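*Asks:* Give me the fold of what follows.
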Amino acid sequence: MIDSTNNKNHNHKNSETSGKKLFVKYMVCLRDKIVLQSELDRLGFNYEITVHGAVHFLNEFTVDQYQELRKSLSKFGLVLLDEHDSMLINRIIQTIVQVIHYSDALPKLKFSDLISDYAGEETDSILKIFSDVKGMSVLQFIIIQKIERAKEMLLYEDMPLSEIAELLNYKNQHYLAAQMKKVTGLTPLDFKRLKEERLKIAGQQEAILNSGITKANI
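*Replies:* Sure thing, here's the model as predicted:
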């Protein structure tokens, strides 16, 4: 597994950092993640890898340890970001996720405006760093998140595709269907079939459980 919840206790004097979430540039494939985990383990860090790829340090560590980790990762062509850039990357990710996944409907706004609000003059450079960290552009990340939200609504809610497209600010349902096919290889109809199969399996399991309860009461 890539995620680590190592519970070893490390006591570090003159500690500078704890609970930080730092991103790594150029970590764009599974092998890179394995290398990262291996080096973190070797150097004795207590950490976990977040769902979006940040290293969440669970214990305090010194500047010397931070520099040692940076030097170690650089041998593999990986770059551990500093706290400032990591915070900006995290804010971009969390803003996109929050707006797309937790809004009743996407507001009529440009994500670039949201990003520039807190990145300011650093917007262009931080977007470049984002691409280096995630292995995709911010636009592609937004598209993937919108498709994930569309999949959720198809699987868990009884909503017509036209309504989903409107909520996610697509021009029409055909454009959404085409983008979903491009990203996932599946059409909205395919996901509806998956939903039917899941409901069928759940129904069968419920019938088995109810049958067992009935027999137990006889």
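*Asks:* For residue 162, give its distance to residue 37.
*Replies:* The gap separating residue 162 from residue 37 is 44 Å, by CB to CB, to the nearest Å. C-beta here means a position set from N, CA and C on the backbone, and glycine is covered the same way.
*Asks:* neighbours around residue 20, how many?
*Replies:* Residues within reach of residue 20, counting by other CB atoms under 10 Å, total 19.
*Asks:* Neighbours of the closest residue in space to it that isn't next to it in sequence, how many?
*Replies:* Of all residues not flanking residue 20 in the chain, residue 57 sits nearest, at 5.1 Å (CB to CB, 6 or more residues apart in numbering). By other CB under 10 Å, 21 other residues sit near residue 57.
*Asks:* so what's residue 172 up against?
*Replies:* By CB atoms under 8 Å, 6 or more residues apart in numbering, the contact set of residue 172 is 162, 165.
*Asks:* what pLDDT does it get?
*Replies:* On the pLDDT scale, residue 172 is placed at 96.
*Asks:* what's the next secondary structure element after the worst-scoring helix or strand of the chain on mean pLDDT?
*Replies:* Within the chain, no helix or strand scores below helix 111-119, which has a mean of 75 by mean pLDDT, DSSP states H and E. Using DSSP states H and E, the helix or strand that follows helix 111-119 in sequence is helix 123-134.
*Asks:* Output the contacting helices and strands for that next one.
*Replies:* Packing partners of helix 123-134 (3 or more CB pairs under 8 Å, 6 or more residues apart in numbering; DSSP states H and E): strand 24-25, helix 83-102, helix 111-119, helix 138-156.
*Asks:* mind redoing it with 10 Å?
*Replies:* Packing contacts for helix 123-134, counted by 3 or more CB pairs under 10 Å, 6 or more residues apart in numbering; DSSP states H and E, involve strand 24-25, strand 79-80, helix 83-102, helix 111-119, helix 138-156.
*Asks:* what is the mean pLDDT for it?
*Replies:* The pLDDT scores in helix 123-134 average 91.
*Asks:* Nearest residue to the middle of the protein?
*Replies:* In the chain, the centroid-proximal residue (CA atoms, centre = their mean) is residue 52; its distance is 3.6 Å.
*Asks:* Please report how far it lies from residue 182.
*Replies:* Separation of residue 52 from residue 182 (CB to CB) stands at 22 Å.
*Asks:* again, but for residue 50
*Replies:* To residue 182, residue 50 is 27 Å away according to CB to CB.
*Asks:* Looking only at neighbour counts, state which of those two leads.
*Replies:* Ranked by neighbour count (other CB under 10 Å), residue 50 and residue 182 place residue 50 first, with 14 against 10.
*Asks:* can you tell me which residues contact that one?
*Replies:* Taking CB atoms under 10 Å, 6 or more residues apart in numbering, we find residue 50 in contact with 3, 21, 23, 56, 90, 93.
*Asks:* Looking at these, which is nearest residue 108?
*Replies:* Nearest to residue 108 out of these is residue 93 (CB to CB; 21.6 Å).
*Asks:* Give me the neighbour count for the closest residue to residue 89 other than its chain neighbours.
*Replies:* Leaving aside its sequence neighbours, residue 89 sits nearest to residue 23 (CB to CB, 6+ apart; 5.1 Å). Per other CB under 10 Å, the neighbour tally for residue 23 reads 26.
*Asks:* I figured residue 23 hits residue 73, correct?
*Replies:* No. Contact criterion CB atoms under 10 Å: residue 23 and residue 73 do not qualify, at 11.8 Å.
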